[in-house]
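Peer 1: From the sequence below, what's the structure:
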Amino acid sequence: MIICIPTMTNEGKTAPVHEHFGSAPYYTLCDTETGKMEAIANSDHGHAHGMCQPLSLFADRHIDAVLSGGMGARAVQKLNQGGIRAYRANSGTVEKVLEQFAAGQLDEITADNACAHHQGCH
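Peer 2: You can find the predicted model right below:
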C-alpha cells in the first residue's frame, strides 16, 4: 500500500505531519510493504484557496490513502474519484501516524467532515 502524508519537511519517518493537505511543503510517500519513503516538494503550496492541484505531483504513482491533518471537501472528492481514501492525522511524525493508521486509529475524512476553510481542522 502506498500512503501519502503531507509533511512540513522532507525528513522521512521523523518529518512532522502538515496540518493541511494542499498547502504542505512536501508530500512523503510511504510504501508499507517495502518501507521505502520518498519526499516530493510541493511547488504549489502557496496557491489560492481552492486552487490546489497536488494530485498532479504524483499522478504517475498509485496512491492508496492520504493521512492528513485536514483537507477541503473538493480535495476529498478528487481523491475519492481516484480511488484514494483520506484519513485525519492531527499531529505527530510520519512514523507515528503510520502506526496509528495501521492500528485503525484514524478517522476517515469525508465531504461531510472536511475543512470549510484553508487552515488545519482539529
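Peer 1: residues contacting the residue lying farthest from the centre of the chain?
Peer 2: Residue farthest from the centre of the chain, counting by C-alpha atoms, centre = their mean, is residue 34 at 19.3 Å. Going by C-beta atoms under 8 Å, 6 or more residues apart in numbering, residue 34 touches no other residue. For every residue, glycine as well, the C-beta is placed using N, CA and C.
Peer 1: which secondary element of this structure has the worst mean pLDDT?
Peer 2: helix 73-81 (a mean of 84; mean pLDDT, DSSP states H and E).
Peer 1: Restrict that helix to CA atoms and write it as PDB.
Peer 2: Taking C-alpha atoms only, helix 73-81 is exported to PDB below (Å, rounded to 0.1, in the frame of the first residue of the first chain):
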ATOM      1  CA  ALA A  73     -14.300  18.800   0.500                       C
ATOM      2  CA  ARG A  74     -13.200  19.300  -3.100                       C
ATOM      3  CA  ALA A  75      -9.800  17.600  -2.400                       C
ATOM      4  CA  VAL A  76     -11.600  14.700  -0.700                       C
ATOM      5  CA  GLN A  77     -13.900  14.400  -3.700                       C
ATOM      6  CA  LYS A  78     -11.000  14.400  -6.100                       C
ATOM      7  CA  LEU A  79      -9.100  11.800  -4.100                       C
ATOM      8  CA  ASN A  80     -12.200   9.600  -3.800                       C
ATOM      9  CA  GLN A  81     -12.800   9.800  -7.500                       C
END
